[in-house]
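A.B. asks: Requesting a structural model of the entry that follows:
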Amino acid sequence: MAGWTAPAAAAASAPLAATDHRPALKVDLDTLSPSYLPAEGPVRVTGSVTNADDVPWVGINIYGFLGTEPMVSQSELAEAAESDPLGLVGDRIIDEGSYDTIEALEPGEEERFSLIIDRELLQPTAPGVYWFGVQALGESSEQPSDLISDGRARTFLPYLPPSVPGQVKTALVLPVRHYLPHDDDGSLAGLKHWARTLSIGGRLRDLVEFAASSGNTPVTWLVDPAVPDAIARLSVNNPPRSIAPTEPPPDEEPGESPSVSPSESADPDAGPDALEPSPQTRAAAEAAGEWLRNFEEAVQGDQILTLPYGDLDVAAAAELDPDLYEIARERPSRVLTDWGETTEKGVAAPSGFLNEAGFEMVSGDTTVLATDRMFGDDPPGVASIDGKKVAVMSSGAAGGGPGPGERFSSVQLRQRILSEAAVRLLSPGRHPLVVSLPLEWQPGDDDRAFFTGLDADWLDLTTVADAIDRDGTVADPAELAYPVLQQRRQLDEPTFDEVRGLIAAGATLQNLLTLNSGVSDGITEQALAGASYGSREAPIPARSALIGARTFVEDQLRSVKINAGPGVTLSGRDGGFATVITNGLDQPVTVNVVARSDGGVEIEPIEPVELAADSRSTVVLDAHANRVGVTNVTLRLTDVEGNPLGSSDRLPVRSAQVSVAIWLIIGTGLGLLFLAILVRLFRRIRRSAVVPPPPTVESL
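C.D. replies: Residues are numbered from 1 along each chain as shown. Predicted coordinates for the structure are as follows:
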């Protein structure tokens with residue numbers, strides 16, 4: 001660390017100088033150990049300096065600094081985190097041996113630094129949280145050497161001496177939630193993105209590895225059960241939904257039916273080549289399989305809170321469709337169930353806000369996590385709302401560290417969490433600290449240092465269940481803050497209508513298929529994902545995707561058609577006629593035929609009709625005429641529960657009573673004809689029966 005030294009007249013520390021120009025040197029903190037101001041021993045800091053200018057910089061010295069006054073409240077921390085990154089916050093430590101030097105940096109070049117600052121150079125005045133960080137000073141051809149910092153990084157450093165007793169129960173919540181876009185056929189969309197986020201360096205992969213680095217330290221998982229289920233489908237090459245049999249035909253024993261691979265396509269024209277996965281599919285499948293193995297190991301022994309399936313927009317569902325919440329709430333994760341993991345019900349919006357209807361809707365056995373921004377200036381750690389316990393999450397701790405630089409680096413986030421816990425310990429009526437790690441946060445390379453840094457005597461890292469195991473502060477949900485922006489962002493009624501429509505179409509498709517009892521589940525899961533909090537970010541595309549999926553399913557339903565024929569004339573008052581049903585699906589189906597008319601003709605109900613794959617069948621319908629004339633009869637196909645499939649046909653039925661009238665007219669005419677003939681014959685016979693007189697002489 002040889003290099004430039006402070007002038008002889010300089011004191012052991014120098015005040016920070018303000019600057020109004022953009023720093024030419026970008027400073028990042030990589031490690032800070034220990035993560036709090038120790039009673040004895042040095043503080044070690046490492047990081048990097050990057051030349052963000054377009055000219056070289058030389059003689060760069062990196063100094064540590066410590067604030068002069070402690071922060072002792074959450075509000076002070078919040079104000080500090082949002083303060084001007086170039087403001088004066090402490091004294092620069094310039095003692096020999098406490099700084100590092102970088103000889104030169106070309107434009108865009110990065111160099112690492114390391115500081116070891118002796119404890120006696122860090123003199124806190126009282127318990128609390130202090131500003132701490134590093135500054136870089138150098139010179140360039142355009143900027144001479146001076147006392148103004150040319151780059152800096154700031155964070156918080158708690159100081160709690162042994163004279164401050166007690167511990168703060170602190171729970172870290174790790175969210176496993178991800179928007180789940182689907183293609184119309186039920187397969188997951190965006191395979192390139194999935195491969196990235198599940199591979200090394202991706203957000204979901206890094207989150208699991210971060211949790212694994214905690215060792216035996218307890219954490220709480222907040223899991224959308226649809227996410228591990230979706231990743232499980234990715235691991236088997238992302239199959240589309242299948243209408244293939246899930247159970248054996250009635251004439252086979254259960255063990256005789258061959259198992260159906262989840263990768264089998266529902267496309268009847270799919271051949272061997274169609275089953276060969278693409279390179280993108282294989283990459284996503286490999287990453288998904290490895291992620292599942294790591295995730296299974298990481299969650300063991302931790303508390304798992306499961307969100308409503310698909311990460312349902314709870315606030316919107318509470319106002320528009322509470323029944324849909326119950327559907328999502330009761331649907332478990334197949335993956336977590338297969339692993340035998342114990343889960344508990346949880347509700348938490350990504351923003352932390354929940355409306356009054358949402359609080360009223362959730363059951364008492366559900367752990368609700370809500371942001372402290374709903375509770376005013378003095379938020380509790382645990383609230384009681386309508387008799388339900390609510391974990392109040394710290395928005396400050398989840399807000400990351402102060403600028404400049406990356407607010408959500410592992411060091412910054414950890415130091416903010418420690419600092420929030422420290423000021424709670426100094427406050428009357430100490431509250432537990434619940435922190436949901438930000439969705440946008442991605443752990444760094446040194447994951448283990450995060451949890452090692454939380455190993456402070458005054459911090460008790462535990463689960464949410466343990467942290468809120470106390471009486472809550474009674475709160476009225478009607479008085480809690482729910483911003484207008486949150487109300488506007490809720491999914492709208494047309495979106496929920498499409499969700500319901502897709503679920504209904506899926507149920508009808510399953511009723512139609514004779515041997516499939518699982519397709520409805522997959523369609524319901526896809527529908528629920530369309531009403532997720534993630535859909536708020538792009539509500540119109542999300543609704544369009546729901547419409548596309550419903551159209552796809554309805555096209556399958558309409559593949560079973562009915563042809564009623566051109567028309568029929570009954571040979572009597574009662575009679576029958578034939579109609580043809582065609583199954584265009586590659587799977588057996590069972591249908592009902594429903595007839596509707598204006599009452600002139602009644603069609604007798606028939607038993608459900610079973611059709612083999614790609615087949616047609618002729619069905620005879622019995623009719624009964626109620627009046628003379630022609631009646632238009634509409635024939636519709638439904639599933640076994642009466643839900644229409646979409647195919648219908650109309651035919652005219654001429655009543656048999658019309659034929660009887662014609663025969664009566666003809667019979668009457670024939671009768672009159674026969675009567676006329678008989679009259680004429682009678683007259684002729686009568687005339688022939690009269691004897692003529694004998695001839696006279698004159699006639700001779």
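A.B. asks: tell me the mean pLDDT for stretch 601-610?
C.D. replies: Stretch 601-610 carries an average pLDDT of 88.
A.B. asks: Buried residues of it, list them for me.
C.D. replies: By neighbour count on 16 or more other C-beta atoms under 10 Å, the buried set for stretch 601-610 is Val601, Glu602, Ile603, Val609. C-beta here means a position set from N, CA and C on the backbone, and glycine is covered the same way.
A.B. asks: cool, stretch 32-48 as well?
C.D. replies: For stretch 32-48, a neighbour-count test (16+ other C-beta under 10 Å) marks Leu32, Ser33, Ser35, Tyr36, Leu37, Pro42, Val43, Val45, Thr46, Gly47 as buried.
A.B. asks: swap in stretch 478-490?
C.D. replies: Neighbour-count burial for stretch 478-490, counted by 16+ other C-beta under 10 Å, picks out Leu480, Tyr482, Gln486, Arg489, Gln490.
A.B. asks: residues making contact with that stretch?
C.D. replies: 313, 315-316, 319, 351, 353-356, 359, 370, 373-376, 385, 536 (C-beta atoms under 8 Å, 6 or more residues apart in numbering).
A.B. asks: Which members of the residues you listed occur in strands, if any?
C.D. replies: Ala370, Ile385 (DSSP state E).
A.B. asks: just the buried members of the contacts of stretch 478-490?
C.D. replies: By 16+ other C-beta under 10 Å, these give 313, 315-316, 319, 351, 353-356, 359, 370, 373-375, 385, 536 as buried.
A.B. asks: coming back round to it: pLDDT and distance to Thr551 added to the buried residues of stretch 32-48, as CSV?
C.D. replies: Putting the buried residues of stretch 32-48 into CSV (pLDDT from 0 to 100; distance: C-beta to C-beta, whole Å) gives the following:
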residue, pLDDT, distance to Thr551
Leu32, 95, 55
Ser33, 95, 58
Ser35, 96, 55
Tyr36, 96, 59
Leu37, 95, 63
Pro42, 96, 67
Val43, 96, 63
Val45, 96, 59
Thr46, 96, 57
Gly47, 95, 54
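A.B. asks: the strands in the stretch 501-650 of the chain, which residues?
C.D. replies: Assigned by DSSP state E, counting those that start in this stretch, the stretch 501-650 of the chain shows strands spanning 560-563, 568-569, 574-583, 589-596, 601-603, 609-611, 615-625, 630-638, 644-654.
A.B. asks: One more: the stretch 351-500 of the chain?
C.D. replies: 367-371, 382-385, 388-393, 433-436, 459-462, 473-474.
A.B. asks: Report the inter-axis angle for the third one versus strand 367-371.
C.D. replies: Between the axes of strand 388-393 and strand 367-371, defined by axes from the mean of the first three to the mean of the last three C-alpha atoms, to 10 degrees, the angle is 40 degrees.
A.B. asks: Which of the buried residues of stretch 478-490 fall within helices?
C.D. replies: Gln486, Arg489 (DSSP state H).
A.B. asks: wait, which of the buried residues of stretch 478-490 is closest to Ile243?
C.D. replies: In terms of C-beta to C-beta, no member of these lies closer to Ile243 than Gln490, at 34.4 Å.
A.B. asks: ok, now how distant is that closest one from Ala171?
C.D. replies: The gap separating Gln490 from Ala171 is 28 Å, by C-beta to C-beta, to the nearest Å.
A.B. asks: Counting by contacts, list what the lengthiest strand in the chain packs against.
C.D. replies: The longest strand of the chain (DSSP E) is strand 128-140. If you count contacts as 3 or more C-beta pairs under 8 Å, 6 or more residues apart in numbering; DSSP states H and E, strand 128-140 packs onto strand 25-33, strand 43-51, strand 57-66, helix 74-81, strand 100-105, strand 151-159, helix 410-425.
A.B. asks: of all these, which lies closest to Ala230?
C.D. replies: That would be helix 410-425 among the helices and strands packed on strand 128-140, by C-beta to C-beta, at 27.3 Å.
A.B. asks: Where does Glu142 fall, secondary structure wise?
C.D. replies: For Glu142, there is no host helix or strand (DSSP states H and E).
A.B. asks: coming back round to it: mind putting the helices and strands packed on strand 128-140 in TSV, distance to Ser615 included?
C.D. replies: As requested, the helices and strands packed on strand 128-140 are arranged in TSV below (distance: least, C-beta to C-beta, whole Å):
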stretch	distance to Ser615
strand 25-33	68
strand 43-51	70
strand 57-66	80
helix 74-81	69
strand 100-105	77
strand 151-159	72
helix 410-425	62
